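A.B. asks: missing the sequence, but the structure's below:
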């Protein structure tokens, strides 16, 4: 697919148009004469982007993320623009929560509104089909007009105010599209989206500001969203450490009291029927104090009708033996009765649900006010089982939430109480109170001090393999799979993710680049209070990877992606790798600019890399790797990262490897800025080949200047709006001239011994991306089989061709297509698969993989 | 003075339907319309040849020719055969205007069609319509060139280019079309003479192939104002 920049070399030019989320106005630089997208009205000539310098981004290697350049644009003060920017005239206030798919909005009043009106709520624009009363509401609504849908929470404040024009512009999605315009001014296609290319996707960060007689906006790139902290942690204060139970609204407690005189005749009897928790919800959590209070209150009300015979109920904690178990803190009910010297015996029967307790008491004519008869309340039926065996739990806390969002507390997770991070195994919410149970410190200790009145910060976390963590944070909206109908990663609560549509995320690229590194190792990271950039990108940075937003041209397996959609993806940031995407020559370099080629040394390379692990925000023992030789010769220079981890040991070897790779490559690495024509087909994260006679470019292998020919990683790329000049920031490895790798994959399992056609062979997962790329490039993988230490069979090596590679249960599984030179014994955990040393390798292998002869490739000709 | 002329480049994405401004047309011999695609960007004359080649590679009954008639300033699309059969000709995007046809859709009922638009926007011939000045080629400002490094000359447009200025005269009859044409912007080829070889230091009458980077100093010539003189600055790849 031709890029928007390709025809510029024949005098075409880009023409830009822009949309803003929820705004039905399409602002364009010129009258393209094309049909705008559905729901938009074109306002030709209203867009001015001359003030914006360029579009593009640069990878911050030490932060593991690309930083996109902001976009500054202006809208002329046209009637159409003015109509959107002016203050709203119609308002309503949302009265009940609305999901992202609901079509009815309950409001305080529909006065002033009419069917066919649009309203704005947050960044969403909604079309009203009809109005309804009792309660007032908009019905049949069409959601996410000119944008995307959101979940809306009603809290009867201005944040849930509905208006007929936008209340604010900050945070709205901005998309800038470029259309090709030929030298005669003709624009191909019939619709504005036909040949358009999305060149910027971001969010408004400032504006509209009046500048001169225009409205100016500033927008941050899509990737900058990932620097926004996810929802702040839920906070509150511990109000008690009592155990909670779910309320039983329908629980009926029946008390039967019968008194007898000395002759055995009945004096009086009363049946008191109570439903003590009738006003509670089944989801309410009640402490024992609260349950007892409800029982007491309902009892007193019922006893009022006994003419003073039965008075009150009270409670007492006792210890004893019940059913052979030593019990503590079991609550006993104590009843008080009116004075009556005629009564000799009293019979009580308490029916709690299905539990019945009959007891008789000899009072000998001494029944009087203040004398309490107590009934063993405990049993094995809730709430008869008030109390605990072996004492009250220490690992519980009831938290009064600050922001009445108790329902958002995760079922299990981490909470910082006072200064200590505790893991809790279960939670429950009741009104604005949250009950946490199973509290233990990271070291596994139950709380040793009274937590009452301590401040609480409930840390929302997610545990999953790295690619899933990222994808969930990107897509989660609070409505399951709203943003991910295909990939199904939208599964976290509202405000735990950025709610980015899966169409803006290069899932395959992230899974391939990231999965190759971390496999299925689960990590636990906070998903509140921190941004993706803070929580996850340091780990990516350390491993030589970064998140970027870019037009995606191919996925990591090498398969082309012709849509060139602007999406969040992941790239490697090291200077070396496999194949390169494009070649930059002197003919591409803009020679009129004195700064067309600038060579820079990297910043001070580190002599020490320190990795501070954290478990749910709690520091654990750090990992430190030193470049001792350099540290001896130079002043120490530390580069530190904070990364999430569950266990320290599995990550130590990875960190050590990454750190040493960084020490090695940074000593001679250089950055080179090059200004070129715009139509070079490569993007940030790609490898490109640069051939130039520029004297500033020195081949550090040969020492020759002015005859440079090397491969570099694109770590920065931008295009200037007005001229189309493209600026590349390239990272060269200097002394590191490695082509790629020469894999030696240890076989862990084969489906048949010896393997035959259609057998499968398992090797470690880390080889998956390489073998997947080999297969994508040549349609077949050729690998030789050998056992370390055995005599090499050079002429006719054993081996296989493979026509399938997949990830299965954490391993890389290859499917045999044919045998090379017959069957051969395979020994699990000993035999290995490697790149062929002879011309039996495929074209891609020959060109890009080393063989073990002298560390070079065979070249494209084999 | 020998005949001078100006030709524009017609760009092609190489993919039918993609950024289709000057790259495709359809021919229907009765069996359904088939797309004739310009395989790659080409200067006007070469594009006609390439379109004919593309049409004849589609297995159609006629043998097609796309020719330029300098006298009438028209493109003729003709199908030959024994006998030639009638065909329907239609254009996609703006190719009809570039080739000098009035409409994009529906030329039917004949074996040959001649451009019926006032002007083809892809080519203007002298001496009637344009005159590429008698001493047309001037190197760009040499002083500035020396300011740049590495022995390169100034690259005003893209990459390594020389800048040349051409004095161009345009007949008022075609002035409006010329200024909206493919010869006045984008990549062009200016022939000061009828030499079909490229300009060089030893071939000063050769054509200049480059990018229009500016048009300046427009002035009307004579009392009749029949001719417009303008200076076209062209960046020429070295």
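C.D. replies: In hand now; what should we look at? Since we're looking at a predicted model, the values are computed, not measured.
A.B. asks: so who does residue B:73 touch?
C.D. replies: By Cβ atoms under 8 Å, 6 or more residues apart in numbering or on different chains, the residues touching residue B:73 are B:100, B:119-120, B:123-125, B:128-129. C-betas here are computed from N, CA, C, even on glycine.
A.B. asks: mind running it again at 7 Å?
C.D. replies: Counting by Cβ atoms under 7 Å, 6 or more residues apart in numbering or on different chains, residue B:73 touches B:119-120, B:125.
A.B. asks: from the residues you listed, which ones fall inside strands?
C.D. replies: residue B:125 (DSSP state E).
A.B. asks: top of the contacts of residue B:73 by neighbour count?
C.D. replies: residue B:120 (25 neighbours; other Cβ atoms under 10 Å in any protein chain shown).
A.B. asks: against residue B:74, how distant is the nearest residue to it once chain neighbours are set aside?
C.D. replies: Leaving out its chain neighbours, the residue that sits closest to residue B:120 by Cβ to Cβ, 6 or more residues apart in numbering or on different chains is residue B:100, at 2.9 Å. For residue B:100, the distance to residue B:74 (Cβ to Cβ, to the nearest Å) stands at 5 Å.
A.B. asks: shared neighbours of those two, anything?
C.D. replies: B:115, B:120.
A.B. asks: dump the contacts of residue B:73 to a markdown table, plus pLDDT.
C.D. replies: A markdown table is the format used below for these (pLDDT from 0 to 100):
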| residue | pLDDT |
| --- | --- |
| B:119 | 90 |
| B:120 | 93 |
| B:125 | 90 |
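A.B. asks: thinking again about what came up before, the residue nearest to residue B:120 contacts residue B:124, correct?
C.D. replies: No - using Cβ atoms under 7 Å, residue B:100 is not in contact with residue B:124; the gap is 10.8 Å.
A.B. asks: now do the shared contacts for these two.
C.D. replies: Joint contacts of residue B:100 and residue B:124 (Cβ under 7 Å, 6+ apart) do not exist.
A.B. asks: how many residues are close by the closest residue to residue A:35 other than its chain neighbours?
C.D. replies: In space, and not counting its chain neighbours, residue A:35 is closest to residue A:191: 4.5 Å by Cβ to Cβ, 6+ apart. By other Cβ under 10 Å, 13 other residues sit near residue A:191.
A.B. asks: contact partners for the nearest residue to residue B:30 once chain neighbours are set aside?
C.D. replies: Spatial nearest neighbour of residue B:30, excluding adjacent residues (Cβ to Cβ, 6+ apart): residue B:85 at 7.3 Å. Contacts for residue B:85 (Cβ under 7 Å, 6+ apart) come out as B:29, B:61-62, B:111.
A.B. asks: quick one: which of residue B:100 and residue B:124 has more around it?
C.D. replies: residue B:124 (28 against 24).
A.B. asks: what packs against the longest helix along chain A?
C.D. replies: Ordering each helix of chain A by length in residues (DSSP state H) puts helix A:649-666 first. Counting contacts by 3 or more Cβ pairs under 7 Å, 6 or more residues apart in numbering or on different chains; DSSP states H and E, helix A:649-666 is packed against strand A:608-615, strand A:623-626.
A.B. asks: winner for burial among those?
C.D. replies: Greatest average neighbour count among those goes to strand A:608-615 (a mean of 20), per mean count of other Cβ atoms under 10 Å in any protein chain shown.
A.B. asks: contacts for that strand?
C.D. replies: A:442, A:524, A:542, A:619-620, A:622-627, A:631, A:636, A:638-646, A:648, A:655, A:659, A:662.
A.B. asks: these, buried ones only, as a ChimeraX selection?
C.D. replies: In ChimeraX, a selection of the buried entries from these looks like this (16 or more other Cβ atoms under 10 Å in any protein chain shown):
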select /A:442,524,542,623,625,626,627,639,641,642,643,644,645,655,659,662
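A.B. asks: I'd say residue A:572 and residue A:543 touch.
C.D. replies: No - the criterion here is Cβ under 7 Å, and residue A:572 misses it with residue A:543 at 9.0 Å.
A.B. asks: give me the residue from the stretch 651-800 of chain A nearest chain B.
C.D. replies: residue A:677 (4.2 Å; Cβ to the nearest Cβ).
A.B. asks: where's that residue relative to residue A:684, distance?
C.D. replies: Residue A:677 is 17 Å from residue A:684, by Cβ to Cβ.
A.B. asks: which of those two has more residues huddled nearby?
C.D. replies: Remark: of residue A:677 and residue A:684, residue A:684 carries more neighbours, 26 against 20, as counted by other Cβ under 10 Å.
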